[in-house]
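A.B. asks: structure of the sequence below:
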Amino acid sequence: MTALIAQSTSPARGRAQPYVRVTARDEQWVEFEFSLGDPALYVELVMRPDQFSAFCAAQCAIAVPHLLGRALEHERDKWSDTVA
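C.D. replies: Numbers count the residues shown, from 1 in each chain. This is a model prediction of the structure:
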């Protein structure tokens, strides 16, 4: 699955590239997944929209493309179906 990301490290900083994937948003909150280097391994976070923008800028985070996000969801669904 991680093969979909061609470059997972940031050459400028020599560390894993940060990624964000917004999962829900309204006027008060942004729910998102944050990952370093591999969008399949993430933590879920919730912030106010202005905090989210500042966080993404400070982390130099790249938004996970829509198609990759769908592929990641499909992989997660396969795993959850086998666990139940």
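A.B. asks: how about residue 37, nearest residue that isn't a chain neighbour?
C.D. replies: residue 16 (3.2 Å; CB to CB, 6 or more residues apart in numbering). (C-beta placed from N, C-alpha, C; glycine too.)
A.B. asks: can you pull the pLDDT of that neighbour?
C.D. replies: Note on residue 16: pLDDT of 94.
A.B. asks: bridged to it, which residues?
C.D. replies: residue 9 (DSSP bridges).
A.B. asks: what's the burial count for it?
C.D. replies: When neighbours are counted by other CB atoms under 10 Å, residue 16 registers 13.
A.B. asks: and it, how far is that from residue 71?
C.D. replies: 20 Å (CB to CB, to the nearest Å).
A.B. asks: from the chain's centre, how far out does stretch 62-77 sit?
C.D. replies: Taking the mean of its C-alpha atoms, stretch 62-77 sits 9 Å from the chain's own mean (CA atoms, centre = their mean, to the nearest Å).
A.B. asks: what do you get for stretch 16-33?
C.D. replies: That offset, for stretch 16-33, works out to 7 Å (CA atoms, centre = their mean).
A.B. asks: what does stretch 45-64 give?
C.D. replies: Computed by CA atoms, centre = their mean, the chain-centroid distance of stretch 45-64 equals 10 Å.
A.B. asks: once you drop chain neighbours, what's closest to residue 46?
C.D. replies: That would be residue 31: by CB to CB, 6+ apart, it lies 5.0 Å from residue 46.
A.B. asks: report the contact partners of residue 62.
C.D. replies: Taking CB atoms under 8 Å, 6 or more residues apart in numbering, we find residue 62 in contact with 17, 18, 19, 20.
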